[in-house]
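**Student:** task: produce atomic coordinates for the following.
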Amino acid sequence: MDDRGWTERAACRGADVELFYSERHADVDRALAICGRCEVRAVCYEQAMTGREVFGVWGGTEEGQRRRLFRVARRSTDASAPAA
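**Tutor:** So this is what the prediction gives:
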């Protein structure tokens with residue numbers, strides 16, 4: 001499977017993309033419900049983390065969740081970097 005071939009099997013394929021980028025709680029809940037039944041959710045999540053996607057619902061995670069994870073990862077990297 002190529003880098004984006006997983007999208008062919010995604011549960012969100014054909015869904016209203018606005019659900020996944022909405023600020024409305026009800027839309028986010030609907031997007032997360034779609035993710036909940038998706039067979040490629042883990043691949044989507046990895047894509048979001050690797051691509052540093054800060055907007056939208058990806059792989060069953062919301063924007064705020066991923067931003068927190070990015071900050072934790074950055075702090076971890078900063079802490080392990082050698083002193084200049």
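
**Student:** buried sites along the helix or strand residue 29 falls within?
**Tutor:** Following DSSP states H and E, one finds residue 29 within helix 25-36. Within helix 25-36, the residues scored as buried using 16 or more other C-beta atoms under 10 Å are 27, 28, 30, 31, 34, 35. Yep, even glycine has a C-beta here, placed from its N, CA and C like the rest.

**Student:** and if you look at stretch 45-52?
**Tutor:** For stretch 45-52, by 16+ other C-beta under 10 Å, it's 45, 47, 48, 49.

**Student:** from those, pick the one nearest residue 22.
**Tutor:** The closest of the buried residues of stretch 45-52 to residue 22 turns out to be residue 48 (C-beta to C-beta; 16.5 Å).

**Student:** and that closest one, that's in a strand?
**Tutor:** No - judged by DSSP: H, G, I helix; E, B strand; the rest coil, residue 48 forms no part of a strand; its state is helix.

**Student:** can you count the residues close to the residue lying closest to it once chain neighbours are set aside?
**Tutor:** The shortest distance from residue 48 to any non-neighbouring residue, by C-beta to C-beta, 6 or more residues apart in numbering, is to residue 58 (3.4 Å). Residues lying near residue 58 (other C-beta atoms under 10 Å) number 24.

**Student:** tell me the pLDDT of residue 17.
**Tutor:** Per-residue pLDDT puts residue 17 at 95.

**Student:** what does the one 10 residues further on give?
**Tutor:** Residue 27 carries a pLDDT score of 98 in this model.

**Student:** state the mean pLDDT of the helix or strand harbouring residue 68.
**Tutor:** Residue 68 belongs to helix 63-80 when elements are defined using DSSP H and E. Across helix 63-80, the average pLDDT comes to 87.

**Student:** show me what it is packed up against.
**Tutor:** When contacts are defined as 3 or more C-beta pairs under 8 Å, 6 or more residues apart in numbering; DSSP states H and E, helix 63-80 packs onto helix 41-50.

**Student:** nearest residue to the middle of the chain?
**Tutor:** residue 58 (2.7 Å; C-alpha atoms, centre = their mean).
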